[in-house]
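Visitor: here is a sequence together with a model predicted from it:
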Amino acid sequence: MTPSHSSEPASTSTEPFRWPRADSVNAHDHFSHPDHASQRRYAQEHGIPRSTLGYWLRRDDPTDLDNDLVAFFRSQSGEAFLRRILLAALVTFQQQGACGIRLVSTFLQRARLDRFVACSRGALHPLAAHLESDLAAFRDEEQPPLAQPMKPKTITLVCDEHFHSVKTCLVALEPVSGFIPVECYRGRRDADTWTEAIQEGTRGMPVQVVQLTSDLARGLLCCAEKGLQAAHSPDLFHGQRDLLQPLLLPLHRPVQQAEKDLEKAQRLTNKLDGPLDEPPSWEEFVALVETVKNEQAIGQQLEEAKGLKEEAVKQVRGVGDDYHPFDRQTGKPVTAEEVGERLCKHVDRLAEVVQEAGLGEKAKEAVNRSRAWVQTLMGCVAWFWCLVKVSVEELELSAAQERVVYEKLLPGHYWERAAARARTAAERKRLKEMAENLKKEAWPEGGPLSRLPEEERMEVEEVARESAGLFQRSSSCVEGRNGRLSLQQHGHSRVSEQRLKALTVIHNYLVKGADGTTAAERFFGQKHKDVFSWLLQRMPDLPRPAAKRSQSAASSLEEAG
């Protein structure tokens, strides 16, 4: 007789004993074979109560599904596939996406998988909570082995603060790889809090934060200067906005007024120039001529006003176009002094626009303040070239080889990254082609760098790639991350600390870029375990769907209702 299986003692577990789904699946596979053993013998060999085994085999199959499909999902392969589908739905829709558990449940129902796995909120919520814990556990298990053999490197962090929760969310992203070392909630956002968060996020990694890029928040400025003793690069967009904002509205008002005056003059001209029953008098003729002259004068004023506004926008955009350590047209290196001269020309032209338009003191003050901003940008370029020089000198190359690195390899890697942020498709294409040509010109057959051994070539390439990534002029990458967190907050009502950790792990270890690598692979320089396979191995048993009530039981409930 098969021994009975009682539940575990209450002192060790409060959950009643449940047979794993794998046991019932194995039983179905066994008895689907024509030469299967008897139920009694199978129950004795596997220690399963005879009544339990009979219940598994007598269970009614869904009548609205194909028999072959039902047989597949009752098999081992079908059970494995079902686990993969449910995990993919939870990871993709409920974790990575911004939808709730109810939409995952709807997906299972529409796919008619609710016949094989429970899809209620009460059944799926524990799985989702378990998944969040496993994602955080994956980082704790996998990150230390990745950091141990990692080569020492200097990095720039792009930092920002997000306010989607009661506490401030601090986000710091390494822009070259896209890796997020810091993404956490804190009660404060001062320099000490930022310093502690960055040190905690990079603990155990052989990295040195040499620069922060941000929107000039005071806490981040103090963190860079005193906490990390690193440089700080201001976000270019915020500087352009502060420069253009006091100019744009005063320059737009004359355009609006000229458009209204021109419309009024055109109506008067059309009225005077209409068909007449008799020839116009001399006075009417003079009035018509004066009206046409007035219309032309107003039209000229409108063009001048539009021209001044467009010129101001052009010069502010020109600051962004010229704020690069390499020339945008030729790709050649540009010194800090040369960058300063180019930027000052744009500011000087803006001052002329302000003078021509007769703008007020606020506009003049904005232009004057921008001159100090230009000096800061010059300092960032000078700092970049100092770091690059140190990194290249450590390679111990010849003078000819260093010249190729400075004039070809570095600008090639820089414009390869910067090309994606150009304003137009034509400009993106041109910069990308220029970057590819520069990189090809750096490695010609018989060239200075081609004489290096293969290992040294790889090292030169890596140094050039990392050095080019140190120059950061925008915090747009972390702003995009903040947008993703806002979507999560909107879709889930709140983002808990556990969910935030899970989202960070998904970004770093699961999402792949165009090159097929994750942010962690690019940051640590080596592959890691597949997150999805790791989660699949640790996934708990799937919840069983509730058994359908019999027709008599259902009718009894309806009568009672």
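Guide: Received, thanks.

Visitor: going forward, measure contacts between C-alpha atoms and count neighbours the same way
Guide: OK.

Visitor: centroid-nearest residue for the chain?
Guide: Centroid-nearest residue in the chain, with CA atoms, centre = their mean: residue 481, separated by 4.6 Å.

Visitor: got the buried residues for the helix or strand encompassing that one?
Guide: Using DSSP states H and E, residue 481 sits in helix 476-492. Of all the residues in helix 476-492, those buried under the rule 16 or more other CA atoms under 10 Å are 476, 478, 479, 481, 482, 484, 485, 486, 488, 489, 492.

Visitor: and for stretch 504-515?
Guide: Applying 16+ other CA under 10 Å to stretch 504-515 flags 504, 505, 506, 507, 508, 509, 510 as buried.

Visitor: quick one: average pLDDT of the lengthiest strand in the chain?
Guide: Counting by DSSP state E, the longest strand found in the chain is strand 153-162. With pLDDT averaged residue by residue, strand 153-162 scores 92.

Visitor: output it as CSV, restricted to C-alpha atoms.
Guide: The C-alpha trace of strand 153-162 is given here as CSV (Å, rounded to 0.1, in the frame of the first residue of the first chain):
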residue,chain,number,x,y,z
LYS,A,153,39.5,52.5,-15.7
THR,A,154,38.6,56.2,-15.3
ILE,A,155,34.9,57.0,-16.0
THR,A,156,32.5,59.9,-16.3
LEU,A,157,29.2,59.7,-14.5
VAL,A,158,26.1,61.6,-15.8
CYS,A,159,23.9,62.4,-12.7
ASP,A,160,20.4,63.7,-12.2
GLU,A,161,17.7,63.7,-9.6
HIS,A,162,14.1,62.4,-10.2
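
Visitor: same for that strand, what does it pack against?
Guide: strand 168-174, strand 207-214, helix 476-492 (3 or more CA pairs under 8 Å, 6 or more residues apart in numbering; DSSP states H and E).

Visitor: report the distance from the first one to the chain centre.
Guide: This means strand 168-174. 12 Å (CA atoms, centre = their mean, to the nearest Å).

Visitor: which parts of the very next helix or strand once past that strand are buried?
Guide: Remark: after strand 168-174, the chain's next helix or strand is strand 179-186, criterion DSSP H and E. By neighbour count on 16+ other CA under 10 Å, the buried set for strand 179-186 is 179, 180, 181, 182, 183, 184, 185.

Visitor: for the stretch 1-150 of the chain, what are the low-confidence residue spans?
Guide: Within the stretch 1-150 of the chain, the segments meeting pLDDT under 70 span 1-17, 22-23, 25-37, 39, 44-45, 53-61, 63.

Visitor: what segments of it are helices?
Guide: Under the criterion DSSP state H, counting those that start in this stretch, the stretch 1-150 of the chain carries helices at the ranges 21-31, 39-46, 50-58, 67-73, 76-89, 101-110, 121-147.

Visitor: need the ones you listed in JSON lines (columns: mean neighbour count).
Guide: Shown next, in JSON lines, are the helices of the stretch 1-150 of the chain (neighbours: other CA atoms under 10 Å):
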{"stretch": "helix 21-31", "mean neighbour count": "17"}
{"stretch": "helix 39-46", "mean neighbour count": "15"}
{"stretch": "helix 50-58", "mean neighbour count": "14"}
{"stretch": "helix 67-73", "mean neighbour count": "13"}
{"stretch": "helix 76-89", "mean neighbour count": "17"}
{"stretch": "helix 101-110", "mean neighbour count": "17"}
{"stretch": "helix 121-147", "mean neighbour count": "16"}
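
Visitor: can I get those helices in TSV including distance to residue 336?
Guide: Listed next are these as TSV, based on distance: least, CA to CA, whole Å:
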stretch	distance to residue 336
helix 21-31	67
helix 39-46	78
helix 50-58	77
helix 67-73	67
helix 76-89	50
helix 101-110	54
helix 121-147	35
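
Visitor: so which of those comes closest to residue 342?
Guide: Smallest distance to residue 342 across the helices of the stretch 1-150 of the chain (CA to CA): 42.0 Å, for helix 121-147.

Visitor: give me the angle between that closest one and strand 207-214.
Guide: Helix 121-147 and strand 207-214 are oriented at 120 degrees to each other (axes from the mean of the first three to the mean of the last three CA atoms, to 10 degrees).

Visitor: report the distance from the longest helix along the chain to the chain centre.
Guide: Counting residues, the longest helix in the chain under DSSP state H turns out to be helix 282-322. Offset of helix 282-322 from its chain centre (CA atoms, centre = their mean): 43 Å.

Visitor: which elements pack onto that helix?
Guide: helix 236-272, helix 336-357.

Visitor: pLDDT (mean, whole number) over the first one?
Guide: If you average the pLDDT over helix 236-272, you get 83.

Visitor: buried residues in it, which are they?
Guide: Buried residues in helix 236-272 (16+ other CA under 10 Å): 236-237, 239-240, 243-244, 246-248, 250-251, 254-255, 258-259, 261-262, 265-266, 269, 272.

Visitor: what count of nearby residues applies to residue 358?
Guide: Neighbour count of residue 358, defined by other CA atoms under 10 Å: 13.

Visitor: one more: the one 5 residues further on?
Guide: Burial measure for residue 363: 22 neighbouring residues, criterion other CA under 10 Å.

Visitor: what residues are up against it?
Guide: Contacts for residue 363 (CA atoms under 8 Å, 6 or more residues apart in numbering) come out as 246, 247, 354.

Visitor: tell me the helix or strand right after the helix or strand where it lies.
Guide: Following DSSP H and E, one finds residue 363 within helix 361-393. Counting by DSSP H and E, the next helix or strand C-terminal to helix 361-393 is helix 399-404.

Visitor: give the other helices and strands that that following helix contacts.
Guide: By 3+ CA pairs under 8 Å, 6+ apart, helix 399-404 packs against no helix or strand.

Visitor: domain ranges for this structure?
Guide: The chain breaks down into these domains under automatic domain parsing: 21-131, 394-473.

Visitor: start and end of the longest one, how far apart?
Guide: This points to domain 21-131. 19 Å (CA to CA, to the nearest Å).

Visitor: how distant is it from the center of its chain?
Guide: Distance, centroid of domain 21-131 to centroid of chain: 36 Å (CA atoms, centre = their mean).

Visitor: how far away is the closest residue in space to residue 366 that isn't next to it in sequence from residue 106?
Guide: Closest residue to residue 366 apart from its sequence neighbours, by CA to CA, 6 or more residues apart in numbering: residue 243 at 5.6 Å. The gap separating residue 243 from residue 106 is 50 Å, by CA to CA.

Visitor: kindly report the same for residue 233.
Guide: 48 Å.

Visitor: and residue 64, by the same measure?
Guide: Distance from residue 64 to residue 106, by CA to CA: 18 Å.

Visitor: now do residue 193
Guide: For residue 193, the distance to residue 106 - CA to CA - is 42 Å.

Visitor: distance to residue 293 and pLDDT for the buried residues of stretch 504-515 - can I get that in CSV?
Guide: CSV is the format used below for the buried residues of stretch 504-515 (distance: CA to CA, whole Å; pLDDT from 0 to 100):
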residue, distance to residue 293, pLDDT
504, 66, 95
505, 69, 96
506, 67, 96
507, 64, 95
508, 66, 96
509, 69, 96
510, 68, 95
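
Visitor: of the residues you listed, which is the nearest to residue 325?
Guide: So of those, ranked by how close each gets to residue 325 (CA to CA), first place is residue 508, at 29.4 Å.

Visitor: ramachandran coordinates for that closest one?
Guide: phi -80, psi -40 (degrees, to the nearest 10).

Visitor: residues contacting it?
Guide: 178, 179, 180, 518, 519, 520.

Visitor: tell me the contacts of the closest residue to the first one other than its chain neighbours?
Guide: It refers to residue 178. If the residues on either side of it in the chain are set aside, residue 178 comes closest to residue 519, at 5.3 Å by CA to CA, 6+ apart. By CA under 8 Å, 6+ apart, residue 519 lies in contact with 177, 178, 179, 507, 508, 509, 511, 512, 513.

Visitor: perfect, that will be all.
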